[in-house]
Structures are given as structure tokens and as C-alpha cells.
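Peer 1: Predicted model and sequence follow; I will ask about them next.
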Amino acid sequence: MKKRKVGVLFCGGCNYYYDRWQVYLDLQEKFKDECEFGIYRLETDEHFDAVVLINGCQSECLLKTDFNGPLMLLTNKNYEQAPELLRALLDGANLDIRSDWKNEKSTVVKDENKHYVKGE
């Protein structure tokens with residue numbers, strides 16, 4: 001089985017509330033048999049099956065760019081559900097959060113007590 005490509009991009013860490021690196025390592029371990037993880041480079045034109053944005057807080061600073069693949073945003077509000085959110089994204093759930101960041105807002109959707117950030 002061909003592994004899915006998952007790109008990961010970290011915020012600058014100016015106001016983080018959790019161990020972002022540990023969340024990344026945990027995702028790598030949990031999905032090691034089905035995903036190939038790598039650091040997402042902003043200048044890339046490579047397509048990814050999923051792009052995980054790891055924000056240390058809820059400011060959504062990483063949303064201010066375009067990405068090549070479906071997005072999942074992790075913040076201090078939902079990082080504990082990271083494995084479930086990535087599973088849902090890989091299974092085709094609409095978690096793409098390419099929202100109206102120009103107006104500094106996103107739509108937060110609750111589903112079975114899990115917080116997803118979802119675009120329009």
C-alpha cells in the first residue's frame with residue numbers, strides 16, 4: 001500500500017500552550033504504517049494528501065497562505081484530538097479550514113464533542 005503524504009507546518013511558537021513537537025511525534029507514531037510525514041515548505045508546489053498546521057495557540061497565524069492539499073488546523077483548543085482529526089481528514093471528512101482568514105475569522109464546528117475548524 002502506498003503511504004499518504006502528510007506535510008506539517010509549525011507556527012513560530014511565540015505564544016504556545018502545548019508541546020507542538022510532541023504532538024507531531026505522536027502523529028508520526030500513530031500513522032507510521034500509512035503516512036509519510038515531512039515538513040511542509042511554503043515555497044513547494046508538491047501536492048500532499050493532508051497538510052497539518054500546528055499552531056501553539058488559537059491565533060490561526062498559519063492560515064495566511066495557500067497550501068497544496070486539504071488542511072487540518074491544530075491549536076491549543078483541539079490538539080488533544082489530533083489523531084482523530086487526522087483520521088477524519090484522511091478518511092475524506094471536510095475539515096478543510098481554508099476559511100475567511102482575510103477577515104480574521106473561521107467557523108468552529110462541533111461534532112461529537114470534538115472541535116473542528118472548518119472553512120466555507
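Peer 2: Yep, that arrived.

Peer 1: Output the biggest strand by length in the chain as CSV, nothing but the C-alphas.
Peer 2: With secondary structure taken from DSSP state E, the chain has its longest strand at strand 4-10. Once non-C-alpha atoms are left out, strand 4-10 reads as follows in CSV (Å, rounded to 0.1, in the frame of the first residue of the first chain):
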residue,chain,number,x,y,z
ARG,A,4,-0.1,9.0,2.0
LYS,A,5,1.9,12.2,2.1
VAL,A,6,1.3,14.5,5.1
GLY,A,7,3.0,17.8,5.2
VAL,A,8,3.4,19.5,8.6
LEU,A,9,4.0,23.2,9.3
PHE,A,10,4.7,24.7,12.7
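
Peer 1: avg pLDDT for it?
Peer 2: Model confidence over strand 4-10, given as mean pLDDT, is 94.

Peer 1: Just give me how far it sits from the chain centre.
Peer 2: Here strand 4-10 shows a centroid-to-chain-centroid distance of 8 Å under the convention C-alpha atoms, centre = their mean, to the nearest Å.

Peer 1: what stretches of this structure score poorly on pLDDT?
Peer 2: Where the chain drops to pLDDT under 70, the residues are 64, 94-120.

Peer 1: what are the ranges of the strands in it?
Peer 2: Going by DSSP E, the chain shows strands at 4-10, 35-39, 50-54, 71-74, 107-111, 114-118.

Peer 1: G38 pairs with what?
Peer 2: Judged by DSSP bridges, the bridge partners of G38 are G7.

Peer 1: Alright, calling it a day.
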